[in-house]
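Undergrad: generate a structure from the sequence data that follows.
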Amino acid sequence: MSLKNKKMAIATALSLLLLLALVTVVIVIFMKPVFYPTVEKSMTRTDIEPIMNRFPRLEKVEKAVWQVDRIGESHFGPSSYRMKGYIFLSEQMIKQLENSYEWVEVSNWKPSIHLTLSQVNAHHWTYSEEFNDYVVPNNYIGKFYWDSNNKLFYFEVDND
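TA: The predicted model follows:
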């Protein structure tokens, strides 16, 4: 092969590599929404089923107001996420939980999201390590707090 033909072959190979790289970049840019769905940041949700699926020991959730945020920007495999929000349980479940666990007052603590209630008493946030261990599954890290004055839970958990 002559020197001219070798230079021509190298130039052709480099042009093909450049074209392949360009096509790959275009595909990744235009296909990103298909391959990498995003979770809307702090979208407020009121559906109960995802709460019940993740925390089945709560049993009788009557109302939930919660948010979910993805943690990090993982594009491969499952993403980590943070859930936080308020949970209202049935009166029967509230009585059972109030009497079954030792709740310790948590001073100088406030939830990271605000919930507007029509009739709100001054919050009295408490925490029970035993209840937390009972209700939070092993694949989550986080805490549940109990507001005994307003009969509601606040939670913040991250999945592993």
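
Undergrad: please count neighbours and contacts with C-alpha atoms only from this point.
TA: OK.

Undergrad: look up how far Lys6 lies from Asp147.
TA: From Asp147 across to Lys6, the span is 78 Å (Cα to Cα, to the nearest Å).

Undergrad: the two: which is more packed in?
TA: For Asp147 versus Lys6, the count of surrounding residues by other Cα atoms under 10 Å is larger for Asp147: 18 against 11.

Undergrad: in this structure that one contacts Val120, no?
TA: No: at 10.8 Å, Asp147 does not count as touching Val120 under the criterion of Cα atoms under 8 Å.

Undergrad: shared neighbours of the two, which are they?
TA: Shared contacts of Asp147 and Val120, defined by Cα atoms under 8 Å, 6 or more residues apart in numbering, are absent.

Undergrad: distance from the chain centre to stretch 139-152, please.
TA: Offset of stretch 139-152 from its chain centre (Cα atoms, centre = their mean, to the nearest Å): 16 Å.

Undergrad: which residues sit against stretch 89-102?
TA: Contacts for stretch 89-102 (Cα under 8 Å, 6+ apart): Leu58, Glu59, Lys60, Val61, Glu62, Lys63, Ser128, Glu130, Phe131, Lys151, Leu152.

Undergrad: just the buried members of those?
TA: Neighbour counting by 16 or more other Cα atoms under 10 Å classes Leu58, Lys60, Val61, Lys63, Ser128, Phe131, Lys151, Leu152 among these as buried.

Undergrad: so which of those residues sit within strands?
TA: Members of the buried ones among the contacts of stretch 89-102 lying in strands (criterion: DSSP state E): Val61, Lys63, Leu152.
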